[in-house]
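> Just the structure for this:
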Amino acid sequence: MTAWLHFENVDVPRVVGMVAAIVGLWWITGEATLRGILKSGDARKINHIYAFVGLALCFGWLPSSVARASAFAVGVVLVTLAIFSCLRAERWPWRVFVAGNSRVEDQPHACLFYWSSWALSFAALLAVDAWLNDIRVVRLVGMIVGLGDGLAEPVGKRWGRHRYAALGWPKGQFSRKSLEGSLAVFLGAVAGVYICEGPGLQQWLTFAAAATLVGVAAAVVEALSPRGLDNVTLPFALALLVGPLFP
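Below is the predicted model of the structure:
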């Protein structure tokens, strides 16, 4: 761990700024949810998209050692805050954070989905980084998970008309997903590829084909993932694919 993760490389100003921005959004979305301005699922996904995309943009183009240590520091702080918020969920201000990161339909286990989602997400990205040791792959995977998975639920709930059964949680149950939601995953993944890799490539036709393949893979993996575990399955599945496609 010490050879792979050097804590002296933490970019403290970026970490403080990123944590403050994410926690500030937790507060805003939580207040909006409690006041009935936002639906709980929408608030949760806003935080999901902002964190993944923000981390990719903030740290993804830094030297690997700095990006790794800084993202780890952000993850530790956020997961700690999430767990503490759940332990004090009935008290102010912690109930505001819980409201911004939990769904009504997840009751009575909303807090479990809240903190475990953040913990599993950061653990998956760190595992991918430790496995491949390639900041470009981690950056791209984070961007795709943020945009693709983040858009699926809001789009599916609002405009989903063509439903199909997908593996749910707990084991043995099935949830209803939509082709429209899966299309949102596809488009979000393609957009993530273009944001992270597009400007540096010359062969745009080949690039478009690769981006399309990544988008299809992201949509399929998200659709097949048990509920609550797509933040783990997507990073590993995408890491296997984007490394060879974008060397």
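> Counting neighbours, which bits of stretch 189-200 end up buried?
Within stretch 189-200, the residues that qualify as buried are 189, 190, 191, 192, 193, 195, 196, 197, counting by 16 or more other CB atoms under 10 Å. All C-beta atoms are positioned from the backbone trio N, CA, C, and that covers glycine.
> Which single one of the residues you listed is nearest to residue 96?
Of all those, residue 192 has the smallest distance to residue 96: 29.8 Å, by CB to CB.
> any idea which element that closest one lies in?
helix 179-197 (DSSP states H and E).
> Packing partners of that helix?
helix 135-144, helix 150-159, helix 204-224 (3 or more CB pairs under 8 Å, 6 or more residues apart in numbering; DSSP states H and E).
> And the last one, what's buried?
Taking 16+ other CB under 10 Å as the neighbour-count basis, helix 204-224 is seen to contain the buried residues 207, 210, 211, 213, 214, 215, 217, 218, 219, 221, 222, 223.
> Would you check that residue 179 makes contact with residue 159?
No - with contact defined as CB atoms under 8 Å, residue 179 and residue 159 do not form a contacting pair (10.2 Å).
> rewinding a little: save the helices and strands packed on helix 179-197 as a markdown table, and put in distance to residue 58 and mean pLDDT too.
Formatted as a markdown table, these follow (distance: least, CB to CB, whole Å; pLDDT from 0 to 100):
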| stretch | distance to residue 58 | mean pLDDT |
| --- | --- | --- |
| helix 135-144 | 10 | 93 |
| helix 150-159 | 17 | 85 |
| helix 204-224 | 22 | 87 |
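> Let's have those helices in JSON lines, adding distance to residue 10.
As requested, the helices and strands packed on helix 179-197 are exported to JSON lines (distance: least, CB to CB, whole Å):
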{"stretch": "helix 135-144", "distance to residue 10": "15"}
{"stretch": "helix 150-159", "distance to residue 10": "26"}
{"stretch": "helix 204-224", "distance to residue 10": "30"}
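> Compare the ones you listed and give me the one nearest residue 235.
helix 135-144 (5.0 Å).
> which residues in this structure form strands?
163-167, 174-178 (DSSP state E).
> Domains of the chain: list them as residue ranges, please.
As given by automatic domain parsing, the domain ranges for the chain are 1-133, 135-247.
> which stretch in these is the model least sure about?
Lowest mean pLDDT of those: domain 135-247, a mean of 82.
> Quick check: end-to-end length of that one?
12 Å (CA to CA, to the nearest Å).
> Restrict the helix holding residue 192 to CA atoms and write it as PDB.
Extracted in PDB, the C-alpha atoms of helix 179-197 (Å, rounded to 0.1, in the frame of the first residue of the first chain):
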ATOM      1  CA  LEU A 179     -34.700   1.000 -22.800                       C
ATOM      2  CA  GLU A 180     -34.800   4.800 -22.400                       C
ATOM      3  CA  GLY A 181     -32.800   4.600 -19.200                       C
ATOM      4  CA  SER A 182     -30.300   2.200 -20.900                       C
ATOM      5  CA  LEU A 183     -30.000   4.600 -23.800                       C
ATOM      6  CA  ALA A 184     -29.100   7.300 -21.300                       C
ATOM      7  CA  VAL A 185     -26.300   5.100 -20.000                       C
ATOM      8  CA  PHE A 186     -25.100   4.600 -23.500                       C
ATOM      9  CA  LEU A 187     -25.100   8.300 -24.400                       C
ATOM     10  CA  GLY A 188     -23.500   9.200 -21.000                       C
ATOM     11  CA  ALA A 189     -20.700   6.700 -21.600                       C
ATOM     12  CA  VAL A 190     -20.100   8.000 -25.100                       C
ATOM     13  CA  ALA A 191     -20.000  11.600 -23.800                       C
ATOM     14  CA  GLY A 192     -17.500  10.500 -21.100                       C
ATOM     15  CA  VAL A 193     -15.200   9.000 -23.700                       C
ATOM     16  CA  TYR A 194     -15.300  12.100 -25.800                       C
ATOM     17  CA  ILE A 195     -14.600  14.400 -22.800                       C
ATOM     18  CA  CYS A 196     -11.600  12.300 -21.600                       C
ATOM     19  CA  GLU A 197     -10.100  11.000 -24.800                       C
END
